[in-house]
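**Q** heads up, no residue letters with this:
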Ligand SMILES: Cc1ncc(COP(=O)(O)O)c(C=O)c1O
């Protein structure tokens, strides 16, 4: 295909570029691709639990499929799943969250994409706490919006967000403030006090709050990280995105959910109908079982990650040129390396030389440069091996 033909694929009728052409590429994926064909890589680059989906979930689904249950469902999921989520969230957050507020989506990622399509018009902007997982940034660009970065600061006490600075970025074209807590990649966790301030600000300025809480259960100081759902009223302009991927080791089932005000219901219902009609039925059945019977599994898994976090941070702390903070949430170490100014090249070098797969900080926004992300959702033995290999590099 020549350049002219290629251009015509991505241009509008008057030659105007469609916004999708300017989407970024994932630098995490770029390192992953560089690792193709290299044997014995200790892969800590992607944000994925190391375990397969637990048996109690798989067995329930096998029996369901054996009965020939392979059909479409309601747009927002089977009623049983929304009921289960309502009971789960109400228990977790200590206040009633009705099933009518839940909408199950084919992945947490598509929940955010759908919300951007509903809320953001070309030329609007969305303020986003960062460094942040790059896919969330691109959900804004994909609809022609402008991401505006409210940068977390890295200091002796770890990561912090200056709310006044963030609020000062808002103007007449701001549609939403997007928060990701616990954060991928930094592990920063927003306090309830700050959540209240963001919610109040949103109410005053008539701006939406989009809260990505997919790591809510990956929290090391209690059962669950603080949530906007604890303090919001049902009609607030708040959407909380969640996922089954991390808490129940279900990345391959591609299922998430969002909690939203009733007023969004008709639009969202249409959006889901025209995107994929409904999430996969067997994944929904898996999710009912996962949530209803999964508390012990989640507790054990988080206890394992807690140990993994401490092993990795202790080892990083002992390295001369590395600055790491012990994260309260998520399952990543996001550490600074003295003198490193090209994290992508560094990660590729580390991969080639010692066969450890890490994610470059630059993938998470420009101020992520100088950092490297390591996913510690892994066994202690594997992490110890990785740290032995990494140590001589820094
Ligand atoms: C912050 C954040 N949000 C959303 C997701 C997407 O999760 P899902 O697997 O449900 O698409 C991820 C996955 O890594 C993530 O890190």
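**A** Ah, there it is. Since the structure is predicted, the reported quantities are computational estimates derived from the model, not experimental observations.

**Q** from here on, contacts and neighbour counts on C-alpha atoms
**A** OK.

**Q** Residue 364 is in contact with residue 132, isn't it?
**A** Yes - with contact defined as CA atoms under 8 Å, residue 364 counts as touching residue 132 (5.0 Å).

**Q** Stretch 110-122: how far from the chain's middle?
**A** 15 Å (CA atoms, centre = their mean, to the nearest Å).

**Q** Now look at it and say if it contacts the ligand.
**A** No - applying CA under 6 Å from any ligand atom, one finds stretch 110-122 separated from the ligand by no less than 6.7 Å.

**Q** Can you list the neighbours in contact with that stretch?
**A** By CA atoms under 8 Å, 6 or more residues apart in numbering, the surrounding residues in contact with stretch 110-122 are 105, 126, 136, 139-140, 143-145, 175, 241, 256-258, 267-268, 271-272.

**Q** List the ones among these that fall in helices.
**A** Judged by DSSP state H, the contacts of stretch 110-122 include 136, 139-140, 267-268, 271-272 as members of helices.

**Q** Which pair in those has the greatest spatial separation?
**A** Farthest apart among the ones in helices among the contacts of stretch 110-122 by CA to CA are 136 and 267. That separation is 21.3 Å.

**Q** Which of the two has more residues huddled nearby?
**A** Neighbours were counted for residue 136 and for residue 267 using other CA atoms under 10 Å; residue 136 has more, 19 against 11.

**Q** dump the residue contacts of that one.
**A** With CA under 8 Å, 6+ apart, residue 136 has these contacts: 109, 112.

**Q** Which residue, other than its chain neighbours, is closest to the residue of the chain found nearest the ligand?
**A** Nearest residue of the chain to the ligand: residue 108, at 3.3 Å (CA to the nearest ligand atom). The shortest distance from residue 108 to any non-neighbouring residue, by CA to CA, 6 or more residues apart in numbering, is to residue 256 (4.2 Å).

**Q** which residues in the stretch 1-150 of the chain form helices?
**A** 3-10, 27-34, 55-66, 79-93, 108-119, 134-141 (DSSP state H, counting those that start in this stretch).

**Q** pLDDT weak spots in the chain?
**A** Residues of the chain that meet the criterion pLDDT under 70 lie in 1-19.

**Q** For it, what lies in contact range of the ligand?
**A** 47, 107-109, 133, 184, 212, 214, 243, 245, 251, 254-256.

**Q** Setting aside sequence neighbours, what's the nearest residue to residue 180?
**A** With CA to CA, 6+ apart as the criterion, residue 180 has its nearest non-adjacent residue at 4.6 Å, and that residue is residue 212.

**Q** For the one you found, what are phi and psi?
**A** With angles defined as degrees, to the nearest 10, residue 212 sits at phi -90, psi 110.

**Q** can you count the residues close to it?
**A** 26.

**Q** what does the one 10 residues further on give?
**A** Using other CA under 10 Å, residue 222 is surrounded by 10 other residues.

**Q** So it: helix, strand or coil?
**A** When classified by DSSP: H, G, I helix; E, B strand; the rest coil, residue 222 comes out as coil.

**Q** Contacts only, for it.
**A** Here residue 222 is in contact with no residue (CA under 8 Å, 6+ apart).

**Q** do residue 252 as well
**A** Here residue 252 is in contact with residue 245 (criterion: CA under 8 Å, 6+ apart).

**Q** now swap in residue 76 and tell me
**A** 102-105, 269, 272, 278-279.

**Q** Repeat that for residue 188.
**A** Residue 188 touches 158-160, 181-182, 327-329, counting by CA under 8 Å, 6+ apart.
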